[in-house]
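> Structure for the following, please:
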Amino acid sequence: MARSVGAGILFGNCADAPFNRVAPRARACAEGGPPPTNRRDQNSWGLASIGIHLRTVLAKRADMRGILPLTIGAAAGGLLYHERGLRSRAARLSAATFETLLNAIDANDAETGAHVRRVATYALILGEAAGFDEQTLRSVERVALFHDIGKLDQALTDIFHDPSKLTPNERRAVMTHPLRGGEVLAPLTAFYPDLGKGVEAHHERWDGTGYPRRLKGKRIPLTARVVAIADSFDAITHRRRYSHARSFNEATQAIAEGRGTQFDPQLVDLFLSPPVLTEIERAMRRAHSPRSKRKNRRRGETQRSPDITFRWRPRSHGSRARDRQP
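Residues are numbered from 1 along each chain as shown. As a prediction, the model looks like this:
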């Protein structure tokens with residue numbers, strides 16, 4: 001045993017050197033012939049065996065150097081595939097959660113459900129014109145779709161279903177719906193930290209006189225500033241139980257009058273620019289057209305699980321009007 005180890009250390013990577021110097025008979029024995037009988041040939045046979053063994057080990061090590069990166073790459077690929085699968089399932093669950101919330105809004109008040117979809121459409125038009133990246137657009141979309149979720153509170157439902165004008169007490173109660181909405185969405189804060197903040201701030205004013213926290217200027221979340229303009233525009237142009245619809249021109253005039261006081265002045269300028277106004281007016285007429293009533297949410301009985309995209313409106317509103325991931 002000691003001799004074999006010593007020979008291995010001595011010859012290292014030069015295993016062929018002693019092997020080539022042994023007697024032909026010893027070499028033949030080492031390669032599979034009958035074992036030698038004299039002591040000299042036995043020693044030569046031992047050296048030859050060591051050389052063959054070292055060559056075999058070194059060859060295997062060379063093979064492992066090629067196999068190891070492939071093995072690591074395959075393992076990493078498997079982990080990546082598994083992680084993508086987990087993310088895909090999480091995204092589907094998120095989409096289903098948001099659609100469930102929208103269904104709850106529709107079930108409680110179909111008018112509010114239609115309103116938030118129109119607001120989301122206008123807000124996305126403005127956000128795309130502002131050049132927001134995809135992540136910011138998704139944030140704007142979520143805040144727009146759930147900005148009125150606080151109205152699902154039973155204390156406010158009766159008020160919104162009453163066709164008479166709001167009393168001062170009722171108006172004060174209505175002003176609590178942004179905070180109520182933030183409370184409803186609080187469980188999602190870990191996943192969408194901007195959602196609750198945007199919903200709570202959508203009635204703040206640029207000059208700091210809004211509610212509930214009297215935020216001013218750029219302290220108001222960007223998503224809320226965009227949604228505030230879209231929300232006001234829809235409130236003016238669409239009839240409600242306690243107010244009459246006004247014309248497109250009256251609505252744009254009201255938005256212009258709120259520049260720098262109620263609304264972000266730069267966003268107002270962009271909203272009132274001819275290209276954006278043209279798209280807003282087109283979207284408004286589509287929304288108000290009786291023929292535009294189509295399915296805008298999936299039903300569980302027709303599809304077992306939602307797509308990874310979050311569906312809340314028809315898909316025929318243009319290439320950029322597609323539903324986005326949650």
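
> Quick check: the gap between residue 89 and residue 191.
Computed as Cβ to Cβ, to the nearest Å, the residue 89 to residue 191 distance reads 14 Å. To be clear about C-beta, it is placed using only N, CA and C from the backbone, and glycine gets the same treatment.

> so where's the stretch 51-200 of the chain shaky on pLDDT?
Residues of the stretch 51-200 of the chain meeting the criterion pLDDT under 70: 51-87, 154-164.

> again, only using 90
Counting by pLDDT under 90, the stretch 51-200 of the chain has low-confidence residues at 51-112, 151-174, 187-191.

> Let me see the ranges of the helices in it.
Counting by DSSP state H, counting those that start in this stretch, the stretch 51-200 of the chain has helices at residues 110-129, 134-146, 154-160, 168-174, 177-184, 193-200.

> Any idea which of the ones you listed gets closest to residue 281?
Residue 281 lies closest, by Cβ to Cβ, to one member of those: helix 110-129, at 10.4 Å.

> Okay, buried residues for the closest one please.
Buried residues in helix 110-129, counted by 16 or more other Cβ atoms under 10 Å: 112-127, 129.

> what's in contact with stretch 218-229?
Stretch 218-229 has contacts (Cβ atoms under 8 Å, 6 or more residues apart in numbering) with 119, 122-123, 126-127, 130, 136, 139-140, 143-144, 147, 194, 197-204, 206, 210, 255, 262-264, 267-268, 271.

> Return the members of these classed as buried.
119, 122-123, 126-127, 130, 136, 139-140, 143-144, 147, 194, 197-204, 206, 210, 255, 262-264, 267-268, 271.

> What is the burial count for residue 277?
15 (other Cβ atoms under 10 Å).

> Hmm, it is touching residue 268, no?
No - with contact defined as Cβ atoms under 8 Å, residue 277 does not count as touching residue 268 (11.5 Å).

> residue contacts, residue 101?
146, 149.

> Okay, domains of this protein per the record?
The chain breaks down by automatic domain parsing into domains covering 2-79, 109-293.

> Now residue 188: closest residue in space, sequence neighbours ignored.
Among residues not flanking residue 188 along the chain, residue 195 sits closest, at 5.9 Å (Cβ to Cβ, 6 or more residues apart in numbering).

> what sits against that neighbour?
139, 142-143, 146, 185, 188-189.

> Which one of those residues is nearest to residue 166?
Closest to residue 166 out of the contacts of residue 195 is residue 146 (22.6 Å), distances taken as Cβ to Cβ.
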